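J.: could you look at this predicted model? Sequence included:
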Amino acid sequence: MNILTFRSTDELNEAGASIITGLVQTNPRAVLGLATGGTPVGIYEEIVNTHRKGMVSFKSATSFNLDEYVGIPVDHPESYRTYMNHHLFSHVDFAPERTFIPNGNASDLEQECARYNQLLDDAKQIDLQLLGLGHNGHIGFNEPDHALVSGTHIVKLKDETREANARFFDSIDEVPTHALTMGVGTILKAKMILLVVRGADKAEIVHRALNGPITTECPASLLQTHPHVVVLLDTESGRLFN
Ligand code: F6R
């Protein structure tokens with residue numbers, strides 16, 4: 001595991017973006033696993049800047065998002081499809097038919113999970129999976145539990161996850177109770193994992209995830225078993241390493 005700590009958010013975002021754009025420059029047909037949430041916003045901004053300078057094209061690339069809320073329309077302001085359009089897809093040249101996000105509004109959610117798993121199988125392997133980290137150690141929406149699921153599945157969000165995400169909604173009551181998420185098996189199958197974490201409030205979970213025991217009660221701790229993980233931290237989230 002390669003852990004890099006940055007003094008400024010700008011430097012962290014530039015590093016994250018250049019790892020992703022560097023991969024696509026050398027492998028234009030790369031399959032990217034993408035994340036949402038607060039953490040990657042600045043990275044996407046940098047990727048858009050690099051694209052605008054003509055230095056990277058996504059026209060032959062494919063993307064798979066980690067997760068999507070259940071029960072809000074695809075065009076809801078807080079759906080992850082809307083997020084991705086807003087922060088990345090509308091500003092770069094991905095072919096829309098190769099940007100995949102689970103449909104949390106499908107009439108048959110089990111079938112939707114099976115469809116997403118099939119798409120992932122067809123793509124063979126994600127070249128780079130971008131991840132943020134939940135305060136409780138979740139990756140994607142794989143919440144701490146006594147057992148974890150390998151493939152895409154429906155998950156009931158923990159109260160702490162709904163509380164953390166309430167900042168994006170008018171009130172906690174509007175935060176969906178369930179989501180569809182890629183499973184840990186799919187995440188760990190990626191060729192390379194890029195875990196990005198910022199903020200003092202994540203210092204303890206960063207420490208538990210990267211130094212603590214490998215346990216399904218901290219899904220991110222499973223990353224310790226992966227052969228190629230790069231972790232980007234700011235000074236605050238990396239505080240317990242120093
Ligand atoms: C987002 C996702 C989540 C977030 C995590 C951290 O697609 O899968 O695991 O990465 O909840 O969220 P932020 O970055 O908002 O702190």
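T.: Yes, it's here.

J.: so what's residue 74 closest to, chain neighbours aside?
T.: residue 81 (5.0 Å; Cβ to Cβ, 6 or more residues apart in numbering). No exception for glycine: its C-beta is placed from N, CA and C like everyone else's.

J.: quick check: that neighbour is in a helix.
T.: Yes. Under DSSP: H, G, I helix; E, B strand; the rest coil, residue 81 sits within a helix.

J.: any idea how far it lies from the ligand?
T.: 12 Å (Cβ to the nearest ligand atom, to the nearest Å).

J.: report the contact partners of that residue.
T.: Residue 81 makes contact with 68, 74-75, 101, according to Cβ atoms under 8 Å, 6 or more residues apart in numbering.

J.: repeat for residue 175
T.: 157, 162, 165-166, 168-169.

J.: residue numbers of the protein in contact with the ligand?
T.: With Cβ under 6 Å from any ligand atom as the criterion, the chain comes near the ligand at residues 35-39, 66-67, 132-134, 138-141.

J.: neighbour-wise, which one of these leads?
T.: Greatest neighbour count in the residues of the chain next to the ligand, by other Cβ atoms under 10 Å, goes to residue 139: 29 neighbours.

J.: so that residue makes contact with residue 129?
T.: No. Contact criterion Cβ atoms under 8 Å: residue 139 and residue 129 do not qualify, at 9.1 Å.

J.: common neighbours of the two, please.
T.: Among the neighbours of residue 139, those also in contact with residue 129 (Cβ under 8 Å, 6+ apart) are 66, 187.

J.: among the residues of the chain next to the ligand, which are in strands?
T.: Among the residues of the chain next to the ligand, the members falling in strands (DSSP state E) are residue 67.

J.: JSON lines for the residues of the chain next to the ligand, including distance to residue 223?
T.: Shown next, in JSON lines, are the residues of the chain next to the ligand (distance: Cβ to Cβ, whole Å):
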{"residue": "35", "distance to residue 223": "14"}
{"residue": "36", "distance to residue 223": "19"}
{"residue": "37", "distance to residue 223": "17"}
{"residue": "38", "distance to residue 223": "20"}
{"residue": "39", "distance to residue 223": "15"}
{"residue": "66", "distance to residue 223": "14"}
{"residue": "67", "distance to residue 223": "17"}
{"residue": "132", "distance to residue 223": "12"}
{"residue": "133", "distance to residue 223": "9"}
{"residue": "134", "distance to residue 223": "13"}
{"residue": "138", "distance to residue 223": "12"}
{"residue": "139", "distance to residue 223": "7"}
{"residue": "140", "distance to residue 223": "12"}
{"residue": "141", "distance to residue 223": "16"}
